[in-house]
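Asks: would you be able to build a 3D model of this:
(one chain, ligands or ions: 2)
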Amino acid sequence: MPLHAVLFDLDGTLVDSVPDLAYAVNAMRVDLGMAPLREDVIATYVGKGVENLVHRALAASMDEATEHERFPEALASFRHAYHMINGEKTRIFDGVIEGLQAMRAQGLKLAVVTNKAAEFTGPLLKNIGLHAFFDVVVSGDTVDRKKPDPMPMLYACEQLGVAPADALVIGDSMNDASSGRAAGCTVLLVPYGYNEGRDIRSIEADGIVASIKEAAEWTASRTASAATGSEPLPLTMH
Ligand SMILES: O=C(O)COP(=O)(O)O
Ligand SMILES: [Mg+2]
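Replies: Ligands and ions are numbered 1, 2, ... in the order given. Have a look, this model is predicted:
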């Protein structure tokens, strides 16, 4: 079947946002009287949205009751710091621009489906100059449930006017794969993202691609195969 749309995860798939997220987490920790954490440790907390990130960054240093009590103050501090820095040290991964250009040239509709809250997603996409590529942006608080629930993927498909079976999800984590699979989409993973610190080869997906540029070569081959009956490029899980 031909593909009509590609739904992209943001953090760890299109952009390396951990330097900015780590800056904001550590600004919050210092604000609350705690020592900063290492960036590679903070990277393992990214994936289930801003509130989860702040919860985990607090839980690393205090018991549950104290964490609960200090959470509102911590979230306010994090939000303030992240709004100040958002996009400044965030880098677009190699192959993303070429891949997005190629997919648009193939006539595919493109969307971002991220667990990042909308207050940060819009400004980030604008700051780094990626916003014009996307027809639809679904953030972590756009619908009632976040990835790994299928709801945000189904909502993105509805907004784009495509059937989930004709959409490809590309992400860096189990949250993207579970959400995409449950929605009925094809799922490709990139190996360079965060995945909450775990190996992506253990995740159920249709394949692993080295870059978004490589993903665009696969979407082109799949479209050609739908037209001519030939086989698309083979996918592997390593
Ligand atoms: O904000 C997060 O925790 C993760 O965002 P993502 O869904 O774009 O990876
Ligand atoms: Mg991600």
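Asks: mind listing what the nearest residue to Ile200 once chain neighbours are set aside touches?
Replies: Nearest in space to Ile200, with sequence neighbours left out and distances taken as C-beta to C-beta, 6 or more residues apart in numbering, is Leu189 at 5.0 Å. Every C-beta, even on glycine, is put in place using the N, C-alpha and C of the backbone. Contacts for Leu189 (C-beta atoms under 8 Å, 6 or more residues apart in numbering) come out as Ile170, Gly171, Asp172, Ser173, Asp176, Ala177, Ile200, Ile203, Ala205, Gly207, Ile208, Val209.
Asks: again, only this time at 7 Å
Replies: For Leu189, the contacting residues are Gly171, Asp172, Ala177, Ile200, Ile203, Ala205, Ile208, taking C-beta atoms under 7 Å, 6 or more residues apart in numbering as the criterion.
Asks: and for Ala35?
Replies: If you count contacts by C-beta under 7 Å, 6+ apart, Ala35 has them with Arg29.
Asks: ok, the one 10 residues further on next?
Replies: The neighbourhood of Tyr45, defined by C-beta under 7 Å, 6+ apart, consists of Leu53, Arg56, Ala57.
Asks: buried residues in stretch 78-93, which are they?
Replies: Within stretch 78-93, the residues scored as buried using 16 or more other C-beta atoms under 10 Å are Phe78, Arg79, Ala81, Tyr82, Ile85, Asn86, Gly87, Thr90, Phe93.
Asks: if we can go back for a sec, from the contacts of Leu189, which is closest to Gly161?
Replies: Proximity of the contacts of Leu189 to Gly161 was ranked by C-beta to C-beta; the top entry is Gly171 with 21.9 Å.
Asks: what sits against that closest one?
Replies: Asp9, Thr13, Ala177, Leu189.
Asks: identify the bridge partners of it.
Replies: Leu189 (DSSP bridges).
Asks: end to end, how far does stretch 25-41 reach?
Replies: 11 Å (C-alpha to C-alpha, to the nearest Å).
Asks: and what of stretch 205-221?
Replies: End-to-end distance of stretch 205-221 (C-alpha to C-alpha): 19 Å.
Asks: before we move on, what about stretch 108-118?
Replies: 24 Å.
Asks: for this protein, what spans make up the helices?
Replies: Under the criterion DSSP state H, helices of the chain are mapped to 18-31, 39-43, 50-59, 64-85, 96-105, 118-127, 151-160, 174-183, 212-228.
Asks: make TSV out of those helices and add distance to ligand 2 and mean pLDDT.
Replies: As requested, the helices of the chain are arranged in TSV below (distance: least, C-beta to the ion, whole Å; pLDDT from 0 to 100):
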stretch	distance to ligand 2	mean pLDDT
helix 18-31	10	98
helix 39-43	11	97
helix 50-59	12	97
helix 64-85	16	97
helix 96-105	13	98
helix 118-127	12	97
helix 151-160	13	98
helix 174-183	6	98
helix 212-228	13	93
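Asks: winner for burial among those?
Replies: Taking mean count of other C-beta atoms under 10 Å as the contact definition, the stretch among the helices of the chain with the greatest mean neighbour count is helix 174-183, which reaches a mean of 24.
Asks: what angle separates it from helix 151-160?
Replies: For helix 174-183 against helix 151-160, the angle between stretch directions is 60 degrees (axes from the mean of the first three to the mean of the last three C-alpha atoms, to 10 degrees).
Asks: could you list the residues in contact with helix 174-183?
Replies: With C-beta under 7 Å, 6+ apart as the criterion, helix 174-183 contacts 9, 47-48, 115, 147-150, 152-154, 164, 169, 171, 187, 189, 195, 203-205.
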